[in-house]
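> Generate coordinates for the sequence data below:
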Amino acid sequence: MSRSRRSFLAEFKGELCREVIELSKPISAVAKTYGSVTTACADV
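Numbers count the residues shown, from 1 in each chain. Model (predicted):
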């Protein structure tokens, strides 16, 4: 059985990127906080 891929809104991805850039947080830490995966953060 296959799982469908989750999609994230551009605003959500923007918030993740803002935390990584402005607060100098690692992508993996931000992804874990929001229950996302690192590729969702890296796709922006």
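> May I ask which helix or strand encompasses residue 36?
Using DSSP states H and E, residue 36 sits in no helix or strand.
> Spit out the contact partners of it.
Residue 36 makes contacts with 8, 16, 30, as judged by C-beta atoms under 8 Å, 6 or more residues apart in numbering. C-betas here are computed from N, CA, C, even on glycine.
> For the last one, grab the count of nearby residues.
Yep, that's residue 30 we're talking about. 19 (other C-beta atoms under 10 Å).
> Kindly report the same for the first one.
Burial of residue 8 is recorded as 17 neighbouring residues (other C-beta under 10 Å).
> Same question for it, what's its three-state structure.
coil (DSSP: H, G, I helix; E, B strand; the rest coil).
> Any chance of the backbone angles for it?
phi -120, psi 140 (degrees, to the nearest 10).
> same check, this time on the last one
Main-chain dihedrals, residue 30, degrees, to the nearest 10: phi -70, psi -40.
> Distance of it relative to residue 23?
9 Å (C-beta to C-beta, to the nearest Å).
> Residue 9 now?
20 Å.
> cool, residue 34 as well?
13 Å.
> Give me the more crowded residue out of those two.
Neighbour totals were compared for residue 34 and residue 23, and residue 34 leads with 14 against 9 (other C-beta under 10 Å).
> How about the contacts made by residue 22?
For residue 22, counting by C-beta under 8 Å, 6+ apart, there are no contacting residues.
> Could you do residue 5 as well?
Counted by C-beta under 8 Å, 6+ apart, residue 5 has zero contacts.
> Many thanks, I have nothing further to ask.
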